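Undergrad: what's the 3D shape of this:
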Amino acid sequence: MFRHLVLARIIEPTSKLDALRVLEDAGIQPASYRTVKRRLPLYATEGWREALSVFSVAAPE
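TA: Below you'll find the predicted structure:
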């Protein structure tokens, strides 16, 4: 679900609710808005951000 929201916002920066429309327009079956609201707090934890930051390594010069 997080991946889909990131993809939708790359395609068109918009609200959470409108991101579901963007995904549908792109041919992706989005999760329900209720699921988005329920799952997002899990991604706002310190542990999740730390795990995600491992993948955001700067490109070598």
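Undergrad: Please make it C-alpha for all contacts and neighbour counts, starting now.
TA: Fine.
Undergrad: what does the helix or strand of the chain at the bottom of the mean pLDDT ranking rub up against?
TA: Least confident helix or strand, the chain: helix 46-53 with a mean of 84, by mean pLDDT, DSSP states H and E. Residues outside helix 46-53 that contact it (C-alpha atoms under 8 Å, 6 or more residues apart in numbering) are 42, 43.
Undergrad: could I have it exported to CSV, CA atoms only?
TA: Below are the C-alpha coordinates for helix 46-53, written out as CSV (Å, rounded to 0.1, in the frame of the first residue of the first chain):
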residue,chain,number,x,y,z
GLU,A,46,10.6,5.6,14.0
GLY,A,47,11.4,2.0,13.2
TRP,A,48,9.8,2.2,9.8
ARG,A,49,11.6,5.4,8.9
GLU,A,50,15.0,3.9,10.0
ALA,A,51,14.4,0.8,7.9
LEU,A,52,13.4,2.9,4.9
SER,A,53,16.4,5.1,5.3
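Undergrad: buried stuff in that helix?
TA: By neighbour count on 16 or more other C-alpha atoms under 10 Å, the buried set for helix 46-53 is empty.
Undergrad: distance between that helix and the chain's centre?
TA: 14 Å (C-alpha atoms, centre = their mean, to the nearest Å).
Undergrad: mind listing what residue 10 touches?
TA: Contacts for residue 10 (C-alpha under 8 Å, 6+ apart) come out as none.
Undergrad: Many thanks, I have nothing further to ask.
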